[in-house]
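Undergrad: I'll drop the sequence and a predicted model, then ask my questions.
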Amino acid sequence: MRLFPAKLLANNSQFGKFSVILGLFIGVIFMEFETPTEYVFGYLYTGPILLTNYWFGGIATFQTTVVAVCLTLLNLVVPEGELTKVSTVASRLIAAMALIVTGILSDRLRRSQEAIALTRAKLEAQEELVRLREDFASTLTHDLKTPLLGAIETLKAFEQEKFGAVLPTQQKVLATMKRSHETSLQLLETLLDIYRNDTEGLKLDLAPVDLVVLAEEAASTLTELAANRRVHLSFSYGDSDWRQSLWVRGDALQLQRVFTNLLVNAINHSRRGDRVEVVLEPQVSYQVVKILDTGAGIQPEQFPHLFERFYQGHSDAYDGLYLRQAKGSGLGLYLSRQIIEAHGGIIWAENRVPMGAVFAFKLPVYPFQSSVTV
């Protein structure tokens, strides 16, 4: 019973549309048959044809076109009862052809619009699916942090012998387990940051920061990794032999993550005994930072994809990750690009001659360097 009013309204709407089309037909028929045959009003049937196509679809459009063409040609003999001159016949045949073309083109247009609407609906459905997948991944990543943090704290308690004595061999196992959990936690935090940045944008805590200080702090935290790899870290200040400051307006925490990502990447792609060099170059409008290594370099086909999310590359080139052997998930360079672009900077990569690679970025110079106390 509740559906009856809706059906009634729908029927009334259809009847109203039909009445409009019928009224237009009657008006054109009146003009056609109340005037001499030489006056061709059949072109006005295009109105009812277009409305029929818009409201009722292809079959009704075909039927309406046939009726319009027949009425247009019928006026050659009705109401005068005899065949008129050749020019009038030609005019009405042209009008009939115009009506046929109108019917065909209007139907094609309607089909095209339906196809466009269907494609748009599919794209919107895909975008919604992507959004749901991103939300699910973000929620899952966030929920996984809690058990990892609990496991790390438990391992720390075992290391501190809060549950009893621990043998030296067991300490080594506990340390390995803790490092593994901390690496997983770091990956989860990176994933969370990336999902958050993609959906909400990167929120920066801007202040004057010295890129030289950030680079040195990042390098100091990687001393053990570089020593294990037997890679030497060095600093260069462009044309100057002396340490100098490179001031920018940025988020110190986020920019330090960029330094860490690029330095670890370079260390892991260097051979034993090689050197990773951090070049800090002050320029007029930009502060430029370059991380140079002497590793395998980058394949030409990989350059367009280096800073894409989850891009891993091949085993003999950069994949934007901390552990080349493990291949990981391809997030380090993507996150670095997010951070640099949020600061209004540019990040890029290039090959060195004869071998090795350069990962570099530049940020706008902080305009009031003289007012900053070093």
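TA: Good, I have the coordinates. Numbering: from 1, shown residues only.

Undergrad: how close does Gly332 sit to Arg352?
TA: Counting by C-beta to C-beta, to the nearest Å, the separation of Gly332 from Arg352 is 20 Å. The way it works is simple: take the backbone N, C-alpha and C, and place the C-beta from them, glycine included.

Undergrad: the more surrounded of the two?
TA: Gly332 (23 against 14; other C-beta atoms under 10 Å).

Undergrad: Could you tell me the model confidence score at that one?
TA: pLDDT, Gly332: 83.

Undergrad: My guess is it contacts Asn265. True?
TA: Yes - assessed by C-beta atoms under 8 Å, Gly332 is found in contact with Asn265 at 6.2 Å.

Undergrad: Beyond the helix or strand harbouring Val248, next helix or strand please.
TA: Following DSSP states H and E, one finds Val248 within strand 247-250. Sequence-wise, the next helix or strand downstream of strand 247-250 (DSSP H and E) is helix 252-268.

Undergrad: next one: that following helix to chain centre, how far?
TA: 24 Å (C-alpha atoms, centre = their mean, to the nearest Å).

Undergrad: Over to Val353: give its phi and psi.
TA: Here is the backbone geometry of Val353 (degrees, to the nearest 10): phi -110, psi 130.

Undergrad: For Ser270, which three-state class applies?
TA: coil (DSSP: H, G, I helix; E, B strand; the rest coil).

Undergrad: Tell me, how many residues neighbour it?
TA: If you count neighbours by other C-beta under 10 Å, Ser270 ends up with 23.

Undergrad: For it, give its distance to Arg229.
TA: 7 Å.

Undergrad: got a list of what the closest residue to Ser91 other than its chain neighbours touches?
TA: Closest residue to Ser91 apart from its sequence neighbours, by C-beta to C-beta, 6 or more residues apart in numbering: Val40 at 5.0 Å. Val40 makes contacts with Thr72, Thr88, Ser91, Arg92, Ala95, as judged by C-beta atoms under 8 Å, 6 or more residues apart in numbering.

Undergrad: For stretch 207-216, give the distance from the opening residue to the closing one.
TA: 18 Å (C-alpha to C-alpha, to the nearest Å).

Undergrad: residue ranges of the strands in the stretch 151-300 of the chain, please?
TA: With DSSP state E, counting those that start in this stretch, the ranges of strands along the stretch 151-300 of the chain come out as 207-210, 232-236, 247-250, 275-282, 286-293.

Undergrad: want to throw those into a markdown table with distance to Gln256?
TA: Below are the strands of the stretch 151-300 of the chain laid out as a markdown table (distance: least, C-beta to C-beta, whole Å):
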| stretch | distance to Gln256 |
| --- | --- |
| strand 207-210 | 9 |
| strand 232-236 | 15 |
| strand 247-250 | 10 |
| strand 275-282 | 13 |
| strand 286-293 | 12 |
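
Undergrad: Buried deepest among the ones you listed, which one?
TA: Of all the strands of the stretch 151-300 of the chain, strand 247-250 has the most neighbours on average by mean count of other C-beta atoms under 10 Å, namely a mean of 23.

Undergrad: Tell me the gap between that strand and the middle of its chain.
TA: With C-alpha atoms, centre = their mean, you get 28 Å for strand 247-250.

Undergrad: tell me the contacts of Leu363?
TA: By C-beta under 8 Å, 6+ apart, the contact set of Leu363 is Leu211, Val248, Gly250, Tyr286, Gln287, Ile340, His343, Gly344, Gly345.

Undergrad: Recalculate using a threshold of 7 Å.
TA: Val248, Gly250, Tyr286, Gln287, His343, Gly345 (C-beta atoms under 7 Å, 6 or more residues apart in numbering).

Undergrad: what about it, distance to Arg196?
TA: To Arg196, Leu363 is 22 Å away according to C-beta to C-beta.

Undergrad: After the helix or strand hosting Leu335, which helix or strand is next? Please name it.
TA: Per DSSP H and E: Leu335 is located in helix 332-342. Scanning forward in sequence from helix 332-342 by DSSP H and E, the next helix or strand is strand 346-351.
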